[in-house]
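Got a sequence here, can you build the structure:
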Amino acid sequence: MQSDQQVPEPAERGAVIPIVRARLGQELREYYPEVVFLEIDSRLGRVVERLSGALDAAEAEGQVRAGFKDALIGALPRLRRYALALTHPDLAQADDLVQTALLRAWEHRRGLPPGGSLVAWLFTVLRAAFVDGRRGGRPEALGGAATPAGSPGQEAGQEAGPDPRDLRTALDRLDPAQREALLLIVVEGLSYESAAAIIGCPPGTVKSRVSRARERLAAELGRA
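Okay, the predicted model is just below:
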């Protein structure tokens, strides 16, 4: 018996691709939530507390621009997410990388760029610290797909999505360089130019890696 479901024409398939990519991007952002919870008594927590006080004093004395503290501390959850993706499953090592990035920001507080450029700068410092701390291996290698604590689960009656275990398996099978590019572009929302500066490669290379990663994930999850 012939199926009632019509096979999309080539033009229709082309129109579906952006929808698939948007859905995949949403699922990746849910899979990689920002690492918000921070124990005050932890080493990073104590560093953040001291840094916050120092930034308050620096702003009051006009040593840093207004809003610099909010921008820097506000970037903390994203920094921890990226660091954990690099070091997974070692959260302690990830927080050490975040601490390095924050302290470097304090050292260069007078000349740091505003807004999204600050986040890109912090990511660059964090990644460089990760690469410097590794012994052997390719600099662009990224740890296995992280599953940060607090990832939202699927409730009964919720629209069916991919099994988180399937998504993790698909992410683990990606080339590490492709996985990192996908994280920076799709999850963190950086531009290709910013991601290229962080990784240390041409923007076209980042675009190629993201495209290949999307195609691979779509195929792995049965959405090719």
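
Lowest-scoring secondary structure element of this protein by mean pLDDT?
helix 10-31 (a mean of 69; mean pLDDT, DSSP states H and E).

Tell me which helix or strand comes right after that one.
helix 43-60 (DSSP states H and E).

Now do the helix or strand harbouring residue 119: which elements does it pack against?
Secondary structure assignment for residue 119, by DSSP H and E: helix 115-133. Where contact means 3 or more C-beta pairs under 8 Å, 6 or more residues apart in numbering; DSSP states H and E, helix 115-133 is packed against helix 68-74, helix 76-87, helix 91-107, helix 192-199. No exception for glycine: its C-beta is placed from N, CA and C like everyone else's.

Poorly predicted segments of this protein, please.
Along the chain, segments meeting pLDDT under 70 span 1-20, 135-164, 223-224.

Look up how far residue 219 lies from the residue lying closest to residue 46 once chain neighbours are set aside.
Take residue 46 and drop its neighbours on the chain: the residue closest to it by C-beta to C-beta, 6 or more residues apart in numbering is residue 40, 7.6 Å away. Using C-beta to C-beta, to the nearest Å, residue 40 is found at 44 Å from residue 219.

Quote the end-to-end distance of stretch 27-39.
Using C-alpha to C-alpha, to the nearest Å, the end-to-end distance of stretch 27-39 comes to 27 Å.

coming back round to it: hang on, the residue nearest to residue 46 packs against residue 47?
No. Checked against C-beta atoms under 8 Å, the pair residue 40 and residue 47 is beyond contact range at 11.0 Å.

Could you check which of those two has the larger neighbour count?
residue 47 (16 against 9; other C-beta atoms under 10 Å).

Find the residue closest to that one in space, skipping its chain neighbours.
Closest to residue 47 by C-beta to C-beta, 6+ apart is residue 99, at 5.2 Å.

give me the number of residues near that neighbour?
The local packing of residue 99 (other C-beta under 10 Å) involves 20 other residues.

do residue 131 as well
As a burial measure, residue 131 scores 15 neighbours (other C-beta under 10 Å).

now it: how far from residue 124?
From residue 131 over to residue 124 (counting by C-beta to C-beta), the distance is 11 Å.

And residue 174, by the same measure?
Distance from residue 174 to residue 124, counting by C-beta to C-beta: 22 Å.

So which of these two has more stuff around it?
The neighbour comparison of residue 174 against residue 124 (other C-beta under 10 Å) goes to residue 174, with 20 against 17.
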